[in-house]
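Give me a model of this one.
(2 chains)
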Protein chains: 2
Amino acid sequence: MAYELYYWDGLQGRGEFVRLALEEAQAPYVDIARGSEDDGQGQSAMMALMGSKTEPFIPFAPPFLKDGDLTVPQTANILLYLGPKLGLAPDGDLRYVVHGLQLTIADMVTEAHDTHHPIASGQYYEEQKDAAKARASDFLAHRLPKFMGYFERVLAQNPRGDRHLVGATLTYADLSMFQLIEGLRYAFPRATARFASHYPRLAALRDAVAARPNVAGYLASDRRLPFNETGIFRHYPELDTRAH
Amino acid sequence: MAYELYYWDGLQGRGEFVRLALEEAQAPYVDIARGSEDDGQGQSAMMALMGSKTEPFIPFAPPFLKDGDLTVPQTANILLYLGPKLGLAPDGDLRYVVHGLQLTIADMVTEAHDTHHPIASGQYYEEQKDAAKARASDFLAHRLPKFMGYFERVLAQNPRGDRHLVGATLTYADLSMFQLIEGLRYAFPRATARFASHYPRLAALRDAVAARPNVAGYLASDRRLPFNETGIFRHYPELDTRAH
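Predicted coordinates:
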């Protein structure tokens, strides 16, 4: 049975981290909120499940995954669940290493989001533009180098080589790292202009993921929505101020 | 062998979610950063491990847990790892339900932190006070009711009864929910004055956790540091403006 992925239509958002894993593994899945209401899908089906008064296990927010009767919420948790099934997670205790990296990626994704919404996620960017400039400036000056310096070290210190974050084969964390780098380069082209010289191993990982046939096929398909200013990674030139 | 918990001394912080699980289960553990440098412990031991150029699996930030050779980073990941070992997680796929709730608790913890640090985690609160007032106001008006309304629904819709978030027995998510509620009540006593009438099931869960003998013993011990203004949950009266 196909996995059912629930996430907002119209943007990549956090759903994209799950999509990349499903697409790399060529796993059958239905992107419910992008489906037709005639098929019992669409955004209203997602909202109905979230608002249900009878479901035993309700999610706080998209994305969430349905696999039969099980509903798995939270991006990193979905990848934890799917990893072994899709061949994208190591056996044994190394899975906690991969998951720890995924949660650190998730922390950086939240901080990237908060560069344009530092005050109120329910208000427009334009209503919090001054605070956004201050937060984006701090993010680019301090947080981005701290996170990316860390991830570069993880690659450098991987005892199995620097081609993957953990072990000698692809994991879902590698796929998510690709997406994080893509998003940051979309949002902050000026500030990340020298990304590859600062973080050569991460840049090589990004290129290697992009070149994988299933990923490349997905990126060229119409299932891959373009980045846009309703997603997590938004390009507002006034926030992209500092080359470093 | 005792678990080794690594977290900043002097505050509860994110380490407290791990401590509560270890204390409830009466598991042997060493709080490394609170130990003596004469024993190879203390904060310098924690920093050395984080800055190591040779460790294969380095954490981005505290808390992290060492269990023999394995280093497990990220609060929710540590609880995922410890849960089955401490008898604080269900078997089978329900563990993904518990973990999903833990990650949603973690999201709210981050938002609670950002009420006093909305612009730059590396700067003082006093340097971002105006933005903090705006963010705290939005948090109390919108985010706290959204999160807590959700968690109350989770209890109400638990098919095994409303005494636990998942299943019919205590999990680490119940312990973390206690800590989250305690923290919010410390930080925002005015805004949460009517917490128990708005969220009766959550209030009952908080009370039940506090009354557990091992938790009560821990809370009365000197291992439980008091909340203070270096932690995640900080009481700044000027941010605690809105009763709801």
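
Any idea how many residues pack against residue A:28?
9 (other Cβ atoms under 10 Å in any protein chain shown). (Glycine included, C-beta is placed from N, CA and C.)

Touching, it and residue A:3? I think so.
Yes: using Cβ atoms under 8 Å, residue A:28 is in contact with residue A:3, at 6.9 Å.

Let's test this: name the helix or strand in chain A with the lowest mean pLDDT.
helix A:43-51 (a mean of 95; mean pLDDT, DSSP states H and E).

residue contacts, the residue of chain A positioned farthest from its centre?
Farthest-out residue of chain A from its mean C-alpha position, per Cα atoms, centre = their mean: residue A:54, at 30.1 Å. Applying Cβ atoms under 8 Å, 6 or more residues apart in numbering or on different chains to residue A:54 gives the contacts residue B:157.

Secondary structure element for it, which one?
Using DSSP states H and E, residue A:54 is not contained in any helix or strand.

And stretch A:108-115, what's buried?
Along stretch A:108-115, these residues count as buried under the neighbour rule (16 or more other Cβ atoms under 10 Å in any protein chain shown): A:108, A:109, A:111, A:112, A:113, A:114, A:115.

quick check, nearest of these to residue A:74?
residue A:109 (12.2 Å; Cβ to Cβ).

is it true that the closest one touches residue A:180?
Yes: the pair residue A:109 and residue A:180 qualifies as a contact (Cβ under 8 Å) at a distance of 6.5 Å.

Would you map the helices across chain A?
Counting by DSSP state H, the segments of chain A that form helices are A:15-24, A:43-51, A:75-86, A:94-114, A:129-138, A:144-157, A:172-187, A:195-198, A:200-210, A:213-219.

Turn those helices into a markdown table, including distance to residue B:14.
Formatted as a markdown table, these follow (distance: least, Cβ to Cβ, whole Å):
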| stretch | distance to residue B:14 |
| --- | --- |
| helix A:15-24 | 23 |
| helix A:43-51 | 27 |
| helix A:75-86 | 16 |
| helix A:94-114 | 11 |
| helix A:129-138 | 21 |
| helix A:144-157 | 17 |
| helix A:172-187 | 21 |
| helix A:195-198 | 29 |
| helix A:200-210 | 26 |
| helix A:213-219 | 34 |
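
Residue ranges of each domain in chain A, please.
For chain A, automatic domain parsing gives the domain ranges A:3-86, A:94-239.

Using JSON lines, lay out those together with distance to residue B:93.
Shown next, in JSON lines, are the domains of chain A (distance: least, Cβ to Cβ, whole Å):
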{"stretch": "domain A:3-86", "distance to residue B:93": "5"}
{"stretch": "domain A:94-239", "distance to residue B:93": "16"}
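
what ranges of chain A fall below the confidence cut-off?
By pLDDT under 70, the low-scoring segments of chain A are A:242-244.

shouldn't residue A:79 be in contact with residue A:179?
No: contact criterion Cβ under 8 Å: residue A:79 and residue A:179 do not qualify, at 11.4 Å.

if I look at the two, which residues touch both of them?
residue A:17.

of those two, who's got more company?
The residue with more neighbours, out of residue A:79 and residue A:179, is residue A:79; 28 against 21, by other Cβ under 10 Å.

got a list of what the closest residue to the more buried one other than its chain neighbours touches?
Spatially, and ignoring its direct neighbours in sequence, residue A:79 is nearest to residue A:172 (4.5 Å; Cβ to Cβ, 6 or more residues apart in numbering or on different chains). Counting by Cβ under 8 Å, 6+ apart, residue A:172 touches A:17, A:20, A:21, A:79, A:82, A:83, A:86, A:88, A:89, A:98, A:102.

Next, format those residues as TSV and append distance to residue B:220.
Output for the contacts of residue A:172, formatted as TSV (distance: Cβ to Cβ, whole Å):
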residue	distance to residue B:220
A:17	43
A:20	49
A:21	46
A:79	40
A:82	43
A:83	41
A:86	47
A:88	46
A:89	41
A:98	39
A:102	37
